[in-house]
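Peer 1: For reference, the sequence and a predicted model appear below.
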Amino acid sequence: MSIATEVNHCTRKYKSAIALGSNLGKSKDTLQKAVEIIQSAPQIDLIRCSSWYQTKPVGPAQPDYINGCITINTSFNPSELLSFLLKIEQKFGRERKEKWGARTLDLDLILYDDLLIDLPNLKVPHILMRERAFVLIPLAEIASQWIDPVTKLTVEILKNNLHYAHDEIIKLSND
């Protein structure tokens, strides 16, 4: 066995959670294609994909969003994973003009193993994760027992503690 094969074979993979959202164009198709691109990377193994949810936008008046979450195992470090996700957003025409503005694709790194990351361009867990039904509801569907390293609470408990209008998030069919 070559050294390169041994190193590659022993590369640790880290469990990560990614939130996906879109409210411009054919959002559901865009999200599904983004998941396909993510899982096609050799550094990533898709664990689970949540259902898709229609949600009201945060911020300025704009169309409703389609949101969901995936869990993955990855050998990317957090900065590499963020860079990979930003490149996928760009591929789908994402422009960062207005905070909380409409977007063709939004990919957020929500959790990376049990790490706390505080870099200028990356905060993990995502700083708004605990406030967002459109993140916690789909994430609880696929990773309910994942423990938030900040609060030490499970995703399920965080979701149950959330105050939101139930008509603001609608689970979509899988067609």
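Peer 2: Alright, I've got the coordinates.
Peer 1: which stretches of the chain form strands?
Peer 2: 14-22, 44-49, 53-55, 65-74, 106-112, 117-119, 122-124, 169-171 (DSSP state E).
Peer 1: helices or strands up against the longest one?
Peer 2: Other elements packing on strand 65-74 under the criterion 3 or more C-beta pairs under 8 Å, 6 or more residues apart in numbering; DSSP states H and E are strand 14-22, helix 27-40, strand 44-49, strand 53-55, helix 133-143. Yep, even glycine has a C-beta here, placed from its N, CA and C like the rest.
Peer 1: Could you do the second one as well?
Peer 2: The contact analysis (3+ C-beta pairs under 8 Å, 6+ apart) places strand 44-49 against helix 27-40, strand 65-74, helix 133-143.
Peer 1: Could you tell me which ranges of the chain sit under the pLDDT cut-off?
Peer 2: Applying pLDDT under 70 to the chain flags residues 1-10, 94-101, 165-167, 175.
Peer 1: Reformat the strands of the chain as CSV; add mean neighbour count.
Peer 2: As requested, the strands of the chain are arranged in CSV below (neighbours: other C-beta atoms under 10 Å):
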stretch, mean neighbour count
strand 14-22, 23
strand 44-49, 16
strand 53-55, 20
strand 65-74, 24
strand 106-112, 23
strand 117-119, 12
strand 122-124, 18
strand 169-171, 15
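Peer 1: Now distance to Ala133 too, for those, in a markdown table please.
Peer 2: Formatted as a markdown table, those follow (distance: least, C-beta to C-beta, whole Å):
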| stretch | distance to Ala133 |
| --- | --- |
| strand 14-22 | 12 |
| strand 44-49 | 18 |
| strand 53-55 | 7 |
| strand 65-74 | 9 |
| strand 106-112 | 14 |
| strand 117-119 | 24 |
| strand 122-124 | 20 |
| strand 169-171 | 5 |
